[in-house]
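K.L.:
fold the following.
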Amino acid sequence: MDNEILARPYPLRRNYNLFVLPIFFLTISGLLIAVSNALSVSVERAYSAQTASLHAALFAPILGKARHSEIGSGGKVSDADQTRQAIETEAKELDLLCAVAFTEDGKVLAATNDTSCMASTISRIPEISDGQTVFLEEDGPPVHWTVLSRAPGMTGSMSVYIATSEKASAREKLLDNDTIIWIVILGVPLIGALCLSTYFVSRAQNEIDTRTNALNEARKSLAHFVSDSTEKRVSSGRSSAERLAASILVLDIRDFSSFVEQASAEEAAALVSEVASHSFAAILEHGGDIDRLVGDGLVAWFEGSERKTNALRASEAILTSVSRANLPRGIGIGLHDGTVIEAVIGTEIRKDATILGSPVNVTARLCAAALPGEIVASSEFFEVAAGHEFNVSARGSLLLKGIANPIETIRLSLMNRRVLV
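P.N.:
Alright, predicted model coming up:
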């Protein structure tokens, strides 16, 4: 699994808050606005239809009589007064602010004292078709609704139109109440769903964080039991074996078997742990990798152009640190350089990344030949050793067990003067 995925939990809550919530809020807002507008339009259409029916039922008969009188008798004043009074009476009963009947050329046939509704609607006559009306919401004070309709059943060549206005406060209050009710009906479930989804996302994020932290802790714990190369191979997904040049360091505790026979289990384990602690610190500080722990010793290796120098410096640091710790047993170190194979070995049950090859075996034999506090290094380290302060106790060939040809070696130990080789 990718290190980044392990190290940083997926930001579900952040993405939800950043992308989902704004879309959700915009959708809810748009929906509620659409519902409010739809209610408003529905109420306006219903009011227009109701008012047009009112025009036809109440005003048209009055206007019909007035129009008939106008055609038959020249339009007496008394007839006009009667029509106006009839219109005034109906407008008062219906609480209308204005009621006007007029022709399309602007001639008033009958009206209340207030004729303002004609002025605002006469220009809208072309918008009227059969059975249709014109609705206007006009500012006040007071705010009022005006409806223009064509009077049905009128005789004569010119159509008659009726415009009426009434206060809108009561109807708008009713519309506001209905809008609030519908917003509550639709909004509460949506907001409830939003709250639930936010809660579930938070729960999921907490679970993701907990699991990711657990994976990271497990990874950290496993890192104590595997080498850096193993961790890198697992992280990168590499599984094929490869050859590489490396300097190998092998160390173990001298005469550890006799110490185990005398010491308790806790003391034996403590000695190995302390040697490992000193060794790990020095090896990692100088760019090495601990390949594996082997009983009372370990195998480490170094890569790169400075690998020999780094391996020797790490060995020097280990000897210095262990010497200062005044441990009951000393350590021996073997150093060798060569081409090794880095590979993943094992089965599906358990695998490990390690180094293989003759150089590893040679280094182990060199380590076995080292005395307490001594480094036995192969000839590849002769030039490098000249730059460090070591005591050279011997230089020559060693015939190692399992190795066909003798190995040119040098024995080094800590001192206060520069070695000459």
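K.L.:
low-confidence ranges in the stretch 101-250 of the chain?
P.N.:
130-131, 140, 153-157, 222-239 (pLDDT under 70).
K.L.:
so where do the strands sit in it?
P.N.:
Using DSSP state E, counting those that start in this stretch, the strands of the stretch 101-250 of the chain run over residues 108-111, 134-138, 144-150, 160-167, 242-253.
K.L.:
contacting residues around stretch 135-152?
P.N.:
The contact list for stretch 135-152, computed with Cβ atoms under 8 Å, 6 or more residues apart in numbering, reads 44-45, 47-48, 51-52, 55-56, 59-60, 63, 97-98, 101, 117, 120-121, 124-125, 128, 130, 133-134, 159-169, 171-172. To be clear about C-beta, it is placed using only N, CA and C from the backbone, and glycine gets the same treatment.
K.L.:
in PyMOL, select just the buried ones from those residues.
P.N.:
In PyMOL, this line selects whichever of the contacts of stretch 135-152 come out buried by 16 or more other Cβ atoms under 10 Å:
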select buried, resi 44+47+48+51+52+55+56+59+60+63+97+98+101+117+120+121+124+125+128+133+134+160+161+162+163+164+165+166+167+168+172
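K.L.:
the stretch 301-421 of the chain: helices as residue ranges?
P.N.:
Secondary structure of the stretch 301-421 of the chain by DSSP state H, counting those that start in this stretch: the helices cover 307-325, 358-369, 382-385.
K.L.:
with respect to Gly192, which of those lies nearest?
P.N.:
Of all those, helix 307-325 sits nearest to Gly192, with 64.7 Å by Cβ to Cβ.
K.L.:
adding distance to Ser264, write the strands of the stretch 101-250 of the chain out as a markdown table.
P.N.:
Formatted as a markdown table, those follow (distance: least, Cβ to Cβ, whole Å):
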| stretch | distance to Ser264 |
| --- | --- |
| strand 108-111 | 119 |
| strand 134-138 | 98 |
| strand 144-150 | 101 |
| strand 160-167 | 102 |
| strand 242-253 | 16 |
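K.L.:
can I get the helices of the stretch 301-421 of the chain in JSON lines with mean pLDDT and distance to Asn113?
P.N.:
Below are the helices of the stretch 301-421 of the chain laid out as JSON lines (pLDDT from 0 to 100; distance: least, Cβ to Cβ, whole Å):
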{"stretch": "helix 307-325", "mean pLDDT": "95", "distance to Asn113": "109"}
{"stretch": "helix 358-369", "mean pLDDT": "95", "distance to Asn113": "116"}
{"stretch": "helix 382-385", "mean pLDDT": "88", "distance to Asn113": "118"}
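K.L.:
which one of those lies closest to Gly288?
P.N.:
Here helix 307-325 is closest among the helices of the stretch 301-421 of the chain (Cβ to Cβ), at 5.6 Å.
K.L.:
could I get the buried residue list for the closest one?
P.N.:
For helix 307-325, by 16+ other Cβ under 10 Å, it's 307-319, 321-322.
K.L.:
ok, stretch 322-336 next?
P.N.:
Val322, Leu327, Arg329, Gly330, Ile331, Gly332, Ile333, Gly334, Leu335, His336.
K.L.:
what mean pLDDT does stretch 56-69 get?
P.N.:
Stretch 56-69 carries an average pLDDT of 67.
K.L.:
how far is whichever strand in the chain runs longest from where the chain is centred?
P.N.:
What stands out as the longest strand in the chain, according to DSSP state E, is strand 331-346. Centroid separation for strand 331-346 versus its chain: 44 Å, with Cα atoms, centre = their mean, to the nearest Å.
K.L.:
partners of that strand in the sheet?
P.N.:
Strand 331-346 pairs in its sheet with strand 242-253 (antiparallel), strand 351-356 (antiparallel), strand 374-378 (parallel), by DSSP bridges.
K.L.:
sorry, back to before: among the contacts of stretch 135-152, which lie within helices?
P.N.:
44-45, 47-48, 51-52, 60, 63, 117, 120-121, 169, 171-172 (DSSP state H).
K.L.:
could you dump those residues to JSON lines with distance to Phe256?
P.N.:
Converted to JSON lines, these look like this (distance: Cβ to Cβ, whole Å):
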{"residue": "Glu44", "distance to Phe256": "98"}
{"residue": "Arg45", "distance to Phe256": "99"}
{"residue": "Tyr47", "distance to Phe256": "102"}
{"residue": "Ser48", "distance to Phe256": "104"}
{"residue": "Thr51", "distance to Phe256": "108"}
{"residue": "Ala52", "distance to Phe256": "110"}
{"residue": "Ala60", "distance to Phe256": "120"}
{"residue": "Leu63", "distance to Phe256": "123"}
{"residue": "Cys117", "distance to Phe256": "112"}
{"residue": "Ser120", "distance to Phe256": "109"}
{"residue": "Thr121", "distance to Phe256": "111"}
{"residue": "Ser169", "distance to Phe256": "101"}
{"residue": "Arg171", "distance to Phe256": "100"}
{"residue": "Glu172", "distance to Phe256": "97"}
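K.L.:
circling back to that earlier point, could I get the helices of the stretch 301-421 of the chain as CSV with distance to Pro406?
P.N.:
Shown next, in CSV, are the helices of the stretch 301-421 of the chain (distance: least, Cβ to Cβ, whole Å):
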stretch, distance to Pro406
helix 307-325, 21
helix 358-369, 11
helix 382-385, 15
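K.L.:
I'd assumed Glu261 was in a helix, is it?
P.N.:
Yes - counting by DSSP: H, G, I helix; E, B strand; the rest coil, Glu261 is found in a helix.
K.L.:
how about the closest residue to Glu127 other than its chain neighbours: which residues does it bridge to?
P.N.:
Leaving aside its sequence neighbours, Glu127 sits nearest to Val134 (Cβ to Cβ, 6 or more residues apart in numbering; 5.4 Å). In this entry, Val134 is beta-bridged to Leu148, by DSSP bridges.
K.L.:
looking at the strands paired with strand 331-346, which is buried most?
P.N.:
strand 374-378 (a mean of 26; mean count of other Cβ atoms under 10 Å).
K.L.:
quick one: contacts of that strand?
P.N.:
Contacts for strand 374-378 (Cβ under 8 Å, 6+ apart): 312, 315, 319, 332-337, 362, 366-367, 369-370, 385, 390, 393, 398, 407-413.
K.L.:
between it and helix 358-369, how big is the angle?
P.N.:
Here strand 374-378 runs at an angle of 150 degrees relative to helix 358-369 (axes from the mean of the first three to the mean of the last three Cα atoms, to 10 degrees).
K.L.:
which elements pack onto the helix or strand harbouring Ser40?
P.N.:
Counting by DSSP states H and E, the element that carries Ser40 is helix 21-54. Using 3 or more Cβ pairs under 8 Å, 6 or more residues apart in numbering; DSSP states H and E, the elements in contact with helix 21-54 are strand 134-138, strand 144-150, helix 169-223.
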